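Novice: Here's a sequence, model it:
(one chain, ligands or ions: 2)
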Amino acid sequence: MAISKAFFSSSLHPSLHYSPSRPTTVSLHFPFPFPFSAAPSRNLRLRCDAADSKPTVLIAEKLSDSGLDLLRDSADVDCSYGLSPDQLAAKIASCDALIVRSGTKVSREVFEAAKGRLKVVGRAGVGIDNVDLQAATEFGCLVVNAPTANTVAAAEHGIALLTSMARNVAQADASVKAGKWQRNKYVGVSLVGKTLAVMGFGKVGSEVARRARGLGMHVIAHDPYAPAERARALGVELVSFDDAIATADFISLHMPLTPTTDKMFNDETFARMKRGVRIINVARGGVIDEDALVRALDNGQVAQAALDVFTEEPPAKDSKLVLHERVIVTPHLGASTVEAQEGVAIEIAEAVVGALNGELASTAVNAPMVPPEVLSELAPYVILAEKLGRLAVQLVAGESGIKGAKVVYTSSRDPEDLDTRLLRAMVTKGIVEPISSSFVNIINADYIAKQRGLNFAEERIKREQNGLNGTPVNSIQVQIPHVGSLFASAVTDAGDIQVEGKVRDGVPHLTKIGSYAVDVSLEGNLILCRQVDQPGMIGKVGGILASQNINVSFMSVGRTFRGKQAIMAIGVDEEPNKETLEKIGTIPAIEEFVFLKL
Ligand SMILES: NC(=O)c1ccc[n+]([C@@H]2O[C@H](COP(=O)([O-])OP(=O)(O)OC[C@H]3O[C@@H](n4cnc5c(N)ncnc54)[C@H](O)[C@@H]3O)[C@@H](O)[C@H]2O)c1
Ligand SMILES: O=C(O)[C@H](O)COP(=O)(O)O
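Specialist: Ligands and ions are numbered 1, 2, ... in the order given. Predicted coordinates:
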């Protein structure tokens with residue numbers, strides 16, 4: 001049998017030149033202590049350019065003081081409102097985070113101009129249609145929003161527009177201020193008993209529905225993704241789009257602007273509405289074809305419209321829609337109450353500070369969103385997942401083309417009760433990072449993997465295991481199929497590189513390599529040796545490492561049969577130099593070995 005002796009030199013892998021103590025990094029960690037003493041995983045790491053300096057947060061639109069105060073505790077805050085796109089591009093390369101409302105376009109150019117420094121974009125509000133999410137993801141920039149704090153304000157504004165429109169409040173007010181007294185001209189319509197269609201039954205839509213019910217309206221809603229129970233609980237009937245627009249006296253829009261909802265209200269859909277319908281929009285201007293709305297108002301198909309949002313903001317001064325006498329408008333004021341602005345400022349400041357400190361934001365828009373309780377129980381498995389991915393990919397022989405990987409989880413839980421999105425993302429990151437020259441984090445790992453044509457598959461297997469029942473995951477196995485390996489023992493009979501691990505006492509352990517059982521905690525660096533099973537091997541390898549002052553943190557030996565082959569896994573705190581590794585390779589009983597960085 002041919003004996004292969006190989007070591008995995010970090011010089012072959014530029015991405016492995018990583019120093020955990022690099023002073024220019026701010027480590028991102030979970031909002032609870034790391035379960036072991038190793039440097040925090042690089043997965044969620046944000047980088048600051050200057051050593052020991054506070055991160056810089058650029059506030060591009062007005063944010064309440066309570067949010068600013070919170071940010072100032074841990075960051076240098078630059079409030080520069082009303083920047084032109086060029087000014088924003090010029091500033092952004094010196095910022096770690098950017099906070100905006102709806103008035104700032106965070107375009108691809110902004111991410112390009114940031115030159116890798118910008119790590120978080122905080123949207124102080126709900127709609128993220130002004131942020132180029134694809135570009136953010138490609139550049140590994142986390143986007144977080146503040147999705148809840150302005151819900152009530154937006155709903156109240158929707159109701160304000162509904163009632164003002166029905167009673168011509170704005171027009172009548174202007175008329176009285178112009179010295180007129182036109183009581184006959186401004187006769188309104190009643191709301192009680194009328195049908196209101198809420199289009200988009202999410203947070204704001206539900207609150208509008210609740211309030212409209214209180215006004216005695218019959219409320220129906222259309223939302224392809226809303227649960228029927230939530231609607232029922234509010235006394236609202238969920239109906240199809242066609243039924244909603246055909247039967248409503250009032251239509252209130254509350255869906256996000258997406259490619260599907262773009263100009264959803266147009267000549268064709270206005271024509272299918274009840275004649276004399278009244279429309280309220282506090283969602284996004286783009287969901288309405290504004291020219292079509294002017295036509296529908298002019299021909300009487302739409303009696304009135306109340307608009308807080310516009311395709312272009314601010315709209316043109318001569319906009320026919322804005323100037324239409326049966327249209328009332330506000331300058332995107334839905335979220336503008338003292339209370340809501342205080343709320344979003346705090347919500348976004350906490351999310352941005354958390355992200356800069358390493359917490360995985362629960363309001364992340366372009367990263368797996370995992371509820372805090374799931375995050376908390378998965379924390380050690382997240383680290384295990386990344387380390388197994390990192391380990392598996394380092395075992396691939398340089399010239400072998402990786403096509404992807406498979407992750408197999410065993411758990412005593414039913415597969416559908418196991419949320420593995422975060423674990424999958426971390427395995428992906430672990431695999432992609434060592435083979436990519438780009439900065440890789442949990443945000444862009446999937447994107448970079450796809451760019452490289454890598455496919456990732458998952459399998460969840462239900463398996464009871466003594467002592468592990470009740471834990472979310474028993475084991476995680478990473479397989480890289482059909483590739484050559486630097487360490488032949490890591491390859492299964494099926495031809496796949498396979499590594500498996502478990503979490504013991506909160507610490508990730510490698511428990512299997514190929515078909516060999518081992519048990520080593522995944523910390524620091526790892527030397528894997530396959531040797532003829534004979535006495536004295538541990539001493540020989542240990543002696544070489546000790547002579548170079550390299551501390552062995554753990555050792556584990558797994559063998560097939562006594563006297564046959566054994567796998568020795570040695571954890572080392574320091575990185576051995578090439579000569580030390582070569583010396584280990586000269587021990588006659590050692591058939592192959594590999595050095596891996598975790
Ligand atoms: N005017 C303002 O100042 C203001 C304030 C807050 C929110 N908003 C906007 O209001 C909208 C709703 O905000 P939210 O917090 O309720 O968001 P949300 O995500 O809670 O609700 C949006 C709902 O729209 C539904 N939806 C998606 N596509 C749809 C479609 N094709 N047809 C019907 N429904 C669809 C979703 O399922 C979801 O339930 C967003 O566009 C947000 O930006 C505006
Ligand atoms: O999507 C939102 O949260 C609202 O449109 C509010 O936008 P604003 O923060 O610009 O007021």
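Novice: Kindly check the end-to-end length of stretch 530-540 for me.
Specialist: From its first residue to its last, stretch 530-540 covers 14 Å (Cα to Cα, to the nearest Å).
Novice: Tell me the buried residues in it?
Specialist: Buried residues in stretch 530-540, counted by 16 or more other Cβ atoms under 10 Å: 530-531, 533, 537. The way it works is simple: take the backbone N, C-alpha and C, and place the C-beta from them, glycine included.
Novice: what's in contact with that stretch?
Specialist: For stretch 530-540, contacts defined as Cβ atoms under 8 Å, 6 or more residues apart in numbering pick out 487-489, 529, 555, 557, 559, 561-568, 587, 589-593.
Novice: 6 Å instead, please
Specialist: Contact with stretch 530-540 is made by 489, 559, 563-567, 587, 589-592, as judged by Cβ atoms under 6 Å, 6 or more residues apart in numbering.
Novice: Residue of this structure closest to ligand 1, please.
Specialist: Gly202 (1.8 Å; Cβ to the nearest ligand atom).
Novice: Including pLDDT and secondary structure, could the buried residues of stretch 530-540 go into TSV?
Specialist: Shown next, in TSV, are these (pLDDT from 0 to 100; DSSP: H, G, I helix; E, B strand; the rest coil):
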residue	pLDDT	secondary structure
Arg530	87	strand
Gln531	83	strand
Asp533	74	coil
Met537	78	helix
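Novice: quick one: contacts for Ser74?
Specialist: Contacts for Ser74 (Cβ under 6 Å, 6+ apart) come out as Val353.
Novice: hmm, try it at 10 Å
Specialist: Ser74 sits next to 54-55, 57, 349, 352-353, 356-357 when contact means Cβ atoms under 10 Å, 6 or more residues apart in numbering.
Novice: picking up where we left off before, what about the residue lying closest to the residue of the chain closest to ligand 1 once chain neighbours are set aside, how many neighbours?
Specialist: Nearest non-adjacent residue to Gly202, counting by Cβ to Cβ, 6 or more residues apart in numbering: His254, 6.3 Å away. Using other Cβ atoms under 10 Å, His254 is surrounded by 27 other residues.
Novice: sorry, back to before: so the residue of the chain closest to ligand 1 touches Pro224, yeah?
Specialist: No. Between Gly202 and Pro224 there is no contact, the gap being 11.5 Å when judged by Cβ atoms under 10 Å.
Novice: who touches both of these two?
Specialist: Residues touching both Gly202 and Pro224 by Cβ under 10 Å, 6+ apart: Met255.
Novice: Please list the residues of this protein that sit near ligand 2.
Specialist: When proximity is defined as Cβ under 6 Å from any ligand atom, the chain approaches ligand 2 at 101-103, 124-127, 150, 332, 334-336.
Novice: which of the residues you listed tops the neighbour count?
Specialist: Ranked by neighbour count (other Cβ under 10 Å), those have Ala124 at the top, with 31 neighbours.
Novice: part of a strand, is Ile280?
Specialist: Yes. With DSSP: H, G, I helix; E, B strand; the rest coil as the criterion, Ile280 is assigned to a strand.
Novice: contacting residues for it?
Specialist: Here Ile280 is in contact with 157-162, 164-166, 196, 198-199, 208, 250-254, 304-308, 328 (criterion: Cβ under 10 Å, 6+ apart).
Novice: Which of the residues you listed fall in helices?
Specialist: Among the contacts of Ile280, the ones falling in helices (DSSP state H) are 157-162, 164-166, 208.
Novice: Filter those down to just the buried residues.
Specialist: The neighbour count (16+ other Cβ under 10 Å) marks 157-162, 164-166, 208 as buried among the ones in helices among the contacts of Ile280.
Novice: Quick check: the residue in the stretch 1-150 of the chain that ligand 2 sits nearest to vs Glu207, distance?
Specialist: Residue of the stretch 1-150 of the chain nearest ligand 2, by Cβ to the nearest ligand atom: Gly125 (2.6 Å). According to Cβ to Cβ, to the nearest Å, Gly125 and Glu207 sit 16 Å apart.
Novice: what's the single longest helix in this structure?
Specialist: helix 372-394.
Novice: after that one comes which helix or strand?
Specialist: Per DSSP states H and E, the first helix or strand lying C-terminal to helix 372-394 is strand 404-411.
Novice: now that following strand, how far from the chain's geometric center?
Specialist: Put simply, strand 404-411 sits 21 Å off its chain's centre (Cα atoms, centre = their mean, to the nearest Å).
Novice: what about the helices in the stretch 401-550 of the chain?
Specialist: All helices of the stretch 401-550 of the chain, identified by DSSP state H, counting those that start in this stretch, fall at 421-432, 445-451, 537-547.
Novice: still on that earlier bit, out of the contacts of Ile280, which touch ligand 1?
Specialist: Answer for the contacts of Ile280 near ligand 1 (Cβ under 6 Å from any ligand atom): 199, 254, 308.
Novice: Which of those fall within strands?
Specialist: Met199 (DSSP state E).
Novice: For the residue in the stretch 151-300 of the chain that ligand 2 sits nearest to, grab the count of nearby residues.
Specialist: Closest contact between the stretch 151-300 of the chain and ligand 2, by Cβ to the nearest ligand atom, is at Ala154 (6.5 Å). Using other Cβ under 10 Å, Ala154 has 26 other residues around it.
Novice: For the residue nearest to it when sequence neighbours are not counted, give me its contacts.
Specialist: Counting by Cβ to Cβ, 6+ apart, Ala154 lies nearest to Gly334, which is 4.0 Å off, once chain neighbours are set aside. Contact analysis of Gly334 by Cβ under 10 Å, 6+ apart lists 102, 125-127, 150-151, 153-158, 160-161, 204, 281-283, 308-309, 340.
Novice: low-confidence ranges in the stretch 301-450 of the chain?
Specialist: Along the stretch 301-450 of the chain, the parts satisfying pLDDT under 70 run over 369-370, 398-400.
Novice: which residues in the stretch 251-400 of the chain form strands?
Specialist: Per DSSP state E, counting those that start in this stretch, the stretch 251-400 of the chain carries strands over the ranges 277-281, 302-307, 327-329.
Novice: That concludes my questions; thank you for your assistance.
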